[in-house]
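Engineer: What would the 3D arrangement of this be:
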Amino acid sequence: MLENMFSHVEAGIKYLLSFTKSDWQLSDYPLRFRRQKLKPDEDYGRLKLPAWNVQVINWWQLGGLGDTKEQAYLDLKANFEKLKAEGTVLPRPGAGLPIEFAVSEKVESHTILAADFFEKILGMDYRDCFITDESGLWDFHMEESNDHLHRKIREVYGVDVSDIEDAKLVKIFERIISAEPPPNNGLQRTRR
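Structural biologist: Numbers count the residues shown, from 1 in each chain. All right, here's what the predicted structure looks like:
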């Protein structure tokens, strides 16, 4: 609670100071460093969790990761500089940005297939998940590859999706819909 209060105070100070210039640098933003609480005997699979993370207070979309505090800061700095170089409008220091969610129009056009897919392939209830057009198979496991899910998709839908490198669900759904359904898979398709 005390840390949270100091974060608000620091954000307020940086906000007030931001009115003294118009070209903000990373040093103008309030930062919060955190050491990750990693369990040494825990297997995180393909996801190697770094020891440190740093975030811009009130601008949670921008952060950095590293095995040391310095590496996390350098990662944050590189991400910040990339945004600036792209011409992204930066929020005023201390003010932040509202959280924005990725578009989900395409995936929502496949809700019947998505519900079936989540149950049969991922063993999950589609209604319990928040997925967007950017969601992929990688978001639902920690294994080194998607091979185990590719096999299940071939078994259930009779479709090979192993060539879809980013494993985006929308692309997988479109591949399944465009293919001839295997007999007795229980999924009815309507052709457009």
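Engineer: what's around the nearest residue to residue 78 once chain neighbours are set aside, how many residues?
Structural biologist: Using CB to CB, 6 or more residues apart in numbering and skipping residues adjacent in sequence, the residue nearest residue 78 is residue 64, 7.6 Å away. All C-beta spots, glycine's among them, are computed from the backbone N, C-alpha and C. The tally of other residues near residue 64 (other CB atoms under 10 Å) stands at 24.
Engineer: Now do the strand ranked longest in the chain: everything it contacts.
Structural biologist: Longest strand of the chain, by residue count under DSSP state E: strand 59-66. The contact list for strand 59-66 (CB atoms under 8 Å, 6 or more residues apart in numbering) reads 29, 50-56, 71-80, 83, 91, 96-97, 99-100.
Engineer: got the buried residues for it?
Structural biologist: For strand 59-66, the neighbour count (16 or more other CB atoms under 10 Å) marks 59, 62, 63, 64, 65, 66 as buried.
Engineer: could those residues go into a markdown table alongside distance to residue 163 and pLDDT?
Structural biologist: Compiled in a markdown table, the buried residues of strand 59-66 are given as follows (distance: CB to CB, whole Å; pLDDT from 0 to 100):
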| residue | distance to residue 163 | pLDDT |
| --- | --- | --- |
| 59 | 38 | 86 |
| 62 | 34 | 87 |
| 63 | 33 | 90 |
| 64 | 33 | 93 |
| 65 | 30 | 91 |
| 66 | 34 | 92 |
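Engineer: Least confident secondary structure element in this structure?
Structural biologist: Lowest on mean pLDDT, DSSP states H and E among the helices and strands of the chain sits helix 2-17, with a mean of 74.
Engineer: circling back to that earlier point, keep only those of the contacts of strand 59-66 that are in strands.
Structural biologist: Among the contacts of strand 59-66, the members falling in strands (DSSP E) are 52, 53, 54, 55, 56.
Engineer: Compare these and tell me which has the most neighbours.
Structural biologist: Counting by other CB under 10 Å, top hit in the ones in strands among the contacts of strand 59-66: residue 56 with 26 neighbours.
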